[in-house]
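Engineer: My questions are about this predicted structure, shown below with the sequence.
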Amino acid sequence: RNEYPFASGHFGEVSQGDYNGRKVSLKAFKLYSNEMCKINDLLKAIIPAFFKEAILWQHIVHCNLLPFYGIYQLGDSGGRICLVSPWI
């Protein structure tokens, strides 16, 4: 994974990664909080929505959508989870 995101929005960021010599896109949600208890509350709200998006994306095939490769956990200090798709 590149050190800095390629693109960033209010809720997430997209980085370029590498999987078996292929460039992939890593979409990670952003989490902001000053207190650990607030982080846990945020995770309880975000993780179900994250996995719902992953399950839905896995079953949808359309010419305007990239294929879904899977889920990856970053090795950063937050251990964030990413949605993985081809890099374009």
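Structural biologist: Nice, thanks for sending it over.
Engineer: What residues sit buried inside stretch 71-88?
Structural biologist: Within stretch 71-88, the residues scored as buried using 16 or more other Cβ atoms under 10 Å are 72, 80-85, 87. Just so you know, the C-beta spots here come from the backbone N, C-alpha and C atoms, and that holds for glycine as well.
Engineer: Tell me how far that stretch lies from the chain's centre.
Structural biologist: With Cα atoms, centre = their mean, to the nearest Å as the basis, stretch 71-88 stands 5 Å off its chain's centre.
Engineer: ditto for stretch 45-52
Structural biologist: Centre-to-centre, stretch 45-52 and its host chain are 11 Å apart (Cα atoms, centre = their mean).
Engineer: And that stretch, what's buried?
Structural biologist: Those would be Phe50, for stretch 45-52 by 16+ other Cβ under 10 Å.
Engineer: Please write out the alpha-carbon positions of it in PDB.
Structural biologist: Only the C-alpha atoms of stretch 45-52 are listed here, as PDB (Å, rounded to 0.1, in the frame of the first residue of the first chain):
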ATOM      1  CA  ALA A  45     -22.000   1.600  13.800                       C
ATOM      2  CA  ILE A  46     -19.600   1.400  10.800                       C
ATOM      3  CA  ILE A  47     -18.700  -2.200  10.600                       C
ATOM      4  CA  PRO A  48     -22.200  -3.600   9.900                       C
ATOM      5  CA  ALA A  49     -22.600  -1.000   7.100                       C
ATOM      6  CA  PHE A  50     -19.100  -1.800   5.800                       C
ATOM      7  CA  PHE A  51     -19.900  -5.600   5.600                       C
ATOM      8  CA  LYS A  52     -23.300  -4.900   4.100                       C
END
